[in-house]
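J.: Would you be able to build a 3D model of this:
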Amino acid sequence: MIYRGLLWMVETIGFSTVAINYVLEPTAKKKPEIPTPTPISDLMDGLPIVQGRSRPIRVLNRLTVVMSDASHFRLNAAEYRHFDLLAVQPTTEKLFHAACLLYDVDIICISLTEKLPFFFKRAPVNGAVDRGVVFEVSYSAAIRDSTLRRYTFTNAFSLMDTCKGKNVILSSAAEKALELRGPYDVTNLGLLFGLSNGDAKEAISSTCRSVLLHAETRKTASGVIYTMKSSSESSCQERAPPECEAPAAKRAKPT
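T.: Sure, this is the predicted structure:
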């Protein structure tokens, strides 16, 4: 019933894709067990239809690993392939640098419910941007409590000042339907977090699509290259064959 209410609310306020987040918080005493995502058919009978598109809402499975030690993240673990998206939430500066520069993940979560024990530095952040990894800022904590709201804005401002609004997504991390907000409201929250108007819009649209593409290429260990002819090449083909097809050394020189 909880998932049904959340999905219907997500569709109603204007979103077409939602991710169910499985949080793994390992302890030092035992080896962490990676959960298996529950099929959406077991959670509810049918999916709501996206307004104006005549298709069901898209539901993704996501795993978030809360890391307090490097051993908590398994490199190339087969269990990770059961999830559409893979995220980590580092709790130390060393692990944050490793997540930005080394770990094969899609999303780096920033804890917004407490004061961060480290400062963001441009080198690892820029490294993550170059690798196509995005940083996630969740807004639901700011709705629940005034103290959490202060931490949310402080940590978000610190991140935006370092990454300059690049590769940032805004998510709800909602536990109930009342914590969800529509696209325009989330965009306005992005402005309060320090994003520009353009970056705030991208944080709930094009950057999110980039995350899905990054996840697909991560799981297949390959990418797709699309080529097209340039306008100059096309115009060259329309000319007389001797001018374009003949090598430069053999072309007739003007007199």
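
J.: Return the distance of the longest strand anywhere in the chain from the chain's centre.
T.: Determined from DSSP state E, the single longest strand within the chain is strand 58-67. Remark: strand 58-67 is offset 11 Å from the chain centroid, using CA atoms, centre = their mean, to the nearest Å.

J.: buried set for that strand?
T.: 59-67 (16 or more other CB atoms under 10 Å). All C-beta atoms are positioned from the backbone trio N, CA, C, and that covers glycine.

J.: Now do the strands in the stretch 51-200 of the chain.
T.: Ranges of strands in the stretch 51-200 of the chain, per DSSP state E, counting those that start in this stretch, are 55-56, 58-67, 85-90, 107-109, 134-138, 168-171.

J.: which helix of this structure spans the most residues?
T.: helix 146-163 (DSSP state H).

J.: In that helix, which residues are buried?
T.: Quick answer for helix 146-163 (16+ other CB under 10 Å): 148, 151-153, 155-156, 159-160, 162-163.

J.: relative orientation of it and strand 134-138 in degrees?
T.: Helix 146-163 and strand 134-138 are oriented at 160 degrees to each other (axes from the mean of the first three to the mean of the last three CA atoms, to 10 degrees).

J.: Next up, the contacts around the closest residue to residue 58 other than its chain neighbours.
T.: Leaving out its chain neighbours, the residue that sits closest to residue 58 by CB to CB, 6 or more residues apart in numbering is residue 17, at 4.3 Å. Residue 17 sits next to 57-60, 208 when contact means CB atoms under 8 Å, 6 or more residues apart in numbering.

J.: I'd like to know which of those residues has the lowest per-residue confidence.
T.: Ranked by pLDDT, the contacts of residue 17 bottom out at residue 57 (81).

J.: Report how many residues lie close to that one.
T.: 19 (other CB atoms under 10 Å).

J.: picking that back up, which neighbours in the sheet does the longest strand of the chain have, and how are they oriented?
T.: strand 17-24 (parallel), strand 85-90 (parallel) (DSSP bridges).

J.: So which of those is the most surrounded?
T.: Among those, judged by mean count of other CB atoms under 10 Å, the one packed with the most neighbours on average is strand 85-90 (a mean of 22).

J.: from the chain's centre, how far out does that one sit?
T.: 10 Å.

J.: coming back round to it: I'd like the contacts of residue 17 written out as TSV, with distance to residue 117 added.
T.: Converted to TSV, the contacts of residue 17 look like this (distance: CB to CB, whole Å):
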residue	distance to residue 117
57	38
58	36
59	34
60	31
208	28
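
J.: What is the nearest of those residues to residue 119?
T.: residue 208 (26.9 Å; CB to CB).

J.: in terms of contact, does that closest one touch residue 169 like I think?
T.: Yes - between residue 208 and residue 169 there is a contact at 5.5 Å, judged by CB atoms under 8 Å.
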